[in-house]
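Chemist: Sequence first, predicted model second:
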Amino acid sequence: MKNFSNFLSKAADHIVVIALILMFLLVFTNVVLRFLFSTGLTFSDEISRYAFVWATFLGAIVATQDNAMVGITGIRPYLSKRFRPLLDILANCIMMGVSFILLVGSIEVLFANIGTRAPFTGAPIAIAQASIITCAIGLILIFGSRIVRALDQVRN
């Protein structure tokens, strides 16, 4: 399970980097074309937008997996080692609940806009909205595994 988690984390890292490189290349090329030749790539804004959305939501998964998100540690240091796992369980359950709300809401938005297409490329808007669903599922899995890990600490 740990190897599969590491594989998914590395895959998300690589996809984020590819999306950022693609975004940079498209925007830079468009700026150069507009400045030098008074023309541009009509599709670059849409593709850059999709790449940005995917990089943002996959980046949230990567940051959460690496425990690089902002955390508030006001109470935790003052608790005994016995109660820290209980606080971890509570915090991860809350974050899992918020991620579940994000999942349900993003699925509703996806189905509401299922036929909508981008103006220039004709690509479905659902491509960008699927990134939110992917993020929510990834976060639910991460928080679920953290809850299981904290429950093991409580039992021991």
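Modeler: Right, received. Where do you want to start? Residues are numbered from 1 along each chain as shown.
Chemist: Can you tell me the centre-most residue of this structure?
Modeler: Phe57 (2.5 Å; CA atoms, centre = their mean).
Chemist: so what pLDDT did Asn6 get?
Modeler: We note a pLDDT of 76 for Asn6 in this prediction.
Chemist: Show me which positions of the host helix or strand of Leu26 end up buried.
Modeler: Assigned by DSSP states H and E, Leu26 belongs to helix 2-37. Neighbour-count burial for helix 2-37, counted by 16 or more other CB atoms under 10 Å, picks out 8-9, 12-13, 15-16, 19, 22-23, 26-27, 30. To be clear about C-beta, it is placed using only N, CA and C from the backbone, and glycine gets the same treatment.
Chemist: any idea which of these is closest to Ala128?
Modeler: Closest approach to Ala128 among the buried residues of helix 2-37 (CB to CB): Ala19, at 11.7 Å.
Chemist: now that closest one: how far from Leu25?
Modeler: 11 Å (CB to CB, to the nearest Å).
Chemist: Also Thr116?
Modeler: With distances taken as CB to CB, Thr116 is found 26 Å from Leu25.
Chemist: again with Ser80
Modeler: Taken as CB to CB, the span from Ser80 to Leu25 is 53 Å.
Chemist: ok so, going back, how close does the residue nearest to the centre of the chain sit to Arg155?
Modeler: In this view, Phe57 and Arg155 are 34 Å apart by CB to CB.
Chemist: which residues sit against stretch 76-90?
Modeler: 75, 146-147, 150-151, 153-154 (CB atoms under 8 Å, 6 or more residues apart in numbering).
Chemist: Thanks a lot, catch you later.
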